[in-house]
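Visitor: Please find the sequence and the predicted model below.
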Amino acid sequence: MHIAICGGGVIGSALAYELTARGERVTLIERWRIAGAASGKSGGFLARDWCDGTPLQTLAEVSFDRHQEWADRLDNPYGYRRVATYSAAMSARRTLPPRGDRDAAAWLADEAVNRQRLGTQATTAQLDPAQFTTALAERAARDGARIRIGAVAGLSTDAAGNAATGVVLEDGDRIDADAVVLALGPWSLLAATWVPLPPVYGLKGHSIILRPRKTLPAEAIFAEFEDRDGDVLTPEIVPRADGTLYVCGLSGADAMPVDPARVGPEPGGAEKLIDVTTRLVPSLEGAEVIARQACYRPVTADGLPLIGPVPGLGNVHVATGHPVWGMLNAPGTATALADLILTGASPEIDLSPFAPSRMRPLDPAELELG
């Protein structure tokens, strides 16, 4: 079977890796570059039990465990490691009452309170998302997958319109396929003009990457920071295995452009994150800023991903809308979708809560892009 996967983010790359490992023929189609959008700019934080009690629980548990398996199998070229995780709170306008364990995460500012353990090395981990996504795509290519750079313009179908026969690119090229997977992240909005898909929205966020002068511990911080105006930011501070430090937690308002290469930070976004970060971690004052960046995470109306067959097109599947848990849930999504495509069932993970048919398709008149 030949499967065409549209989208070279972590979901598409993970699926390409899983399918080629099973001996299937794969073409991975990416408009710009592998890991060029959110999959290259996320935090790479993983949690096994933070989705407990939700429809995502089994997907998260399977995915978290599989991350360890994949890191061992791939010789971990992307900094996967287990971490301890803590909360913290700080205000620039008032003194917060001391709460929590002040000895936890000792590298935080003395004024940071509410230091409580949110996860242990048994339940939380991290990786470099760009390196992870690239490693998956490269291994898939080594195992026979073809990577094609080009923008998808639509699908070709059989005479009855009940099944896809391939993918049509904007340059006029056509890639024949026995099955098609749409893993386009928030740009699934474009695919909703070709096939009946529920709307997927792009939620913009800013992030920075710093290089501290001293290596920080393997501890992730989820903080609340109140600025002088009383606004509360929720920065996520994640030291990485390569010695760098990733920080996100500031939203953006720009409309999502059609071309992911045009996505960038808004004026003042990176500077605000740098200011908040150095207040929470004073030792970072003057640290080298490696990246000022922004991305759009894919979100659905009910907050759950779309994973499964597109209504009316039995050999076309979609995998998107994972919000903040795309990096975590990529392995489980890839495993379940590969099972579904090849055998017609997903025995390990119940995909019914994520069925695209649960929501009405997007009306193309609603489509708004920058």
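Guide: Great, that's in hand. Numbering: from 1, shown residues only.
Visitor: Show me the residue at the heart of the protein, geometrically.
Guide: The residue lying closest to the centre of the chain (Cα atoms, centre = their mean) is Gly326, at 3.5 Å.
Visitor: So if we follow the domain assignment, how does the chain break up?
Guide: Partitioning the chain according to automatic domain parsing yields domains covering residues 2-75+128-198+302-366, 84-120+202-299.
Visitor: looking at those, which is buried most?
Guide: Comparing the domains of the chain by mean neighbour count (mean count of other Cβ atoms under 10 Å), domain 2-75+128-198+302-366 comes out on top with a mean of 20. Quick note: C-beta positions are derived from backbone N, CA and C, even for glycine.
Visitor: Put together CSV for the domains of the chain, with mean pLDDT on each row.
Guide: Below are the domains of the chain laid out as CSV (pLDDT from 0 to 100):
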stretch, mean pLDDT
domain 2-75+128-198+302-366, 97
domain 84-120+202-299, 96
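Visitor: any idea where the helices of the stretch 201-350 of the chain begin and end?
Guide: Assigned by DSSP state H, counting those that start in this stretch, the stretch 201-350 of the chain shows helices spanning 269-280, 326-343.
Visitor: by contact count, what packs against the shortest one?
Guide: Judged by 3 or more Cβ pairs under 8 Å, 6 or more residues apart in numbering; DSSP states H and E, the packing partners of helix 269-280 are strand 84-91, strand 201-211, strand 219-226, strand 245-251, strand 288-299.
Visitor: for the last one, same thing?
Guide: For helix 326-343, the contact count by 3+ Cβ pairs under 8 Å, 6+ apart identifies helix 10-21, strand 45-47, helix 57-73, strand 179-182, strand 306-310, strand 313-320 as packing neighbours.
Visitor: Hey, what's the angle from the third one to helix 10-21? Just curious.
Guide: Spelled out, it's helix 57-73. Between helix 57-73 and helix 10-21, the angle comes out at 60 degrees (axes from the mean of the first three to the mean of the last three Cα atoms, to 10 degrees).
Visitor: so helix 57-73 versus helix 326-343, what angle?
Guide: Going by the same axes, to 10 degrees, helix 57-73 makes 90 degrees with helix 326-343.
Visitor: what's the average pLDDT for the helix or strand following helix 57-73?
Guide: As assigned by DSSP states H and E, the chain's next helix or strand after helix 57-73 is strand 81-82. If you average the pLDDT over strand 81-82, you get 98.
Visitor: list the helices and strands strand 81-82 packs on?
Guide: strand 124-126.
Visitor: And the contacts of the helix or strand following the strand it packs on?
Guide: Sequence order places helix 129-142 as the next helix or strand after strand 124-126, per DSSP H and E. Helix 129-142 is contacted by residues 8-10, 13-14, 16-17, 19-20, 26, 28, 34-35, 39-44, 74, 77-80, 145, 147, 327 when judged by Cβ atoms under 8 Å, 6 or more residues apart in numbering.
Visitor: With that, I have no additional questions.
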